[in-house]
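Asker: Structure of the sequence below:
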Amino acid sequence: MATDVSTVTFSIESESGDVDEVTIPAGLVDLLAEGDQSSAETVGDIALLSFASRAHHLVHHGEGADEELEAQEAAAMELFEERFGVSYAEATGHHH
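Answerer: Prediction:
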């Protein structure tokens, strides 16, 4: 790993108390922030975007999505729209 790049570590905790940490280059977090968004908000946005993207891929581009997976993807899309104020399709330009 490049030693001249500073990093920032975020803690993630679930409602059940599971805990993990993720370390990310600090400059990358700053680069991806929108406006005066905090680093934690930026990481949260990217986490939800990543989950929505993965769910979308599994349902629409994977093989054999079942009803449970489709329900999970629909819930992710609702949460996406609540957080960002636009649908996943509008945000990404990827419509089905």
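
Asker: lowest-pLDDT helix or strand in the chain?
Answerer: helix 88-92 (a mean of 93; mean pLDDT, DSSP states H and E).

Asker: Mind listing what's buried along it?
Answerer: Neighbour counts over helix 88-92 (16 or more other Cβ atoms under 10 Å) mark residue 88 as buried. Heads up, the C-betas are built off the backbone N, CA and C, glycines and all.

Asker: Which secondary structure elements does it sit against?
Answerer: Helices and strands touching helix 88-92, by 3 or more Cβ pairs under 8 Å, 6 or more residues apart in numbering; DSSP states H and E, are helix 39-61, helix 67-84.

Asker: As a markdown table, those helices with distance to residue 29 would be great.
Answerer: Below are the helices and strands packed on helix 88-92 laid out as a markdown table (distance: least, Cβ to Cβ, whole Å):
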| stretch | distance to residue 29 |
| --- | --- |
| helix 39-61 | 5 |
| helix 67-84 | 18 |
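
Asker: what number of residues lie near the nearest residue to residue 70 once chain neighbours are set aside?
Answerer: Using Cβ to Cβ, 6 or more residues apart in numbering and skipping the chain neighbours, the partner closest in space to residue 70 is residue 59 (5.7 Å). For residue 59, the number of neighbouring residues by other Cβ atoms under 10 Å comes to 19.

Asker: which residues does residue 59 contact?
Answerer: 65, 69-70, 73 (Cβ atoms under 8 Å, 6 or more residues apart in numbering).

Asker: want to throw those into TSV with pLDDT?
Answerer: Shown next, in TSV, are these (pLDDT from 0 to 100):
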residue	pLDDT
65	81
69	93
70	94
73	95
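
Asker: and which of those is nearest to residue 21?
Answerer: residue 73 (27.4 Å; Cβ to Cβ).

Asker: correct me, but the closest one touches residue 58?
Answerer: Yes - taking Cβ atoms under 8 Å as the definition, residue 73 is a contact partner of residue 58 at 7.0 Å.
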